[in-house]
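Participant: show me how the following folds:
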Amino acid sequence: MFAIPGQAPVTLTPAAVTQIAALMAREGAAGFRIGVKKGGCAGMEYTMEVAAEADPMDIVVEEGAARVLIAPLAQMFLLGTEIDYEESLLEAGFKFRNPNVVDSCGCGESVKFRDTAEG
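Facilitator: Next up, the predicted model:
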């Protein structure tokens, strides 16, 4: 695994914990799976879905009633990320503050990650 022993690969703000726990309860889910996929104008997009069960290769981050499952292929891209949930007059949604992102598109829906060879 890519996680540093004793350190969660992602952190959750209190707002994210509340929203994830609410989604899990509403869906009867075992967790909230987070991943990345190719797409968008910057190259990669975050994925988020409720999960019926954890995959044996998932990294599991639990805080309060929230349980985040990090998909195996996303683990190296998400190390150090803070996940927040923000609401404003015009929109509401999860925000990823990820130190591994080097560029993002104008709409904020897709990102470009630092090449793994760069360190």
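
Participant: is residue 65 in contact with residue 21, as I believe?
Facilitator: Yes: counting by C-beta atoms under 8 Å, residue 65 does reach residue 21; the two are 3.8 Å apart. Every residue, glycine included, has its C-beta placed from N, CA and C.

Participant: which residues touch residue 11?
Facilitator: 81-83 (C-beta atoms under 8 Å, 6 or more residues apart in numbering).

Participant: possible to save these as TSV with neighbour count and pLDDT?
Facilitator: Listed next are the contacts of residue 11 as TSV, based on neighbours: other C-beta atoms under 10 Å; pLDDT from 0 to 100:
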residue	neighbour count	pLDDT
81	20	88
82	14	92
83	26	92
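
Participant: would you map the strands across the chain?
Facilitator: Using DSSP state E, the strands found in the chain span residues 10-12, 31-39, 43-51, 59-63, 66-70, 81-87, 92-97, 101-104, 111-113.

Participant: which of those strands sits most buried?
Facilitator: When you average the neighbours per residue for each of the strands of the chain (mean count of other C-beta atoms under 10 Å), strand 66-70 leads with a mean of 24.

Participant: from the contact counts, what lies against that strand?
Facilitator: Packing partners of strand 66-70 (3 or more C-beta pairs under 8 Å, 6 or more residues apart in numbering; DSSP states H and E): strand 10-12, helix 14-27, strand 31-39, strand 59-63.
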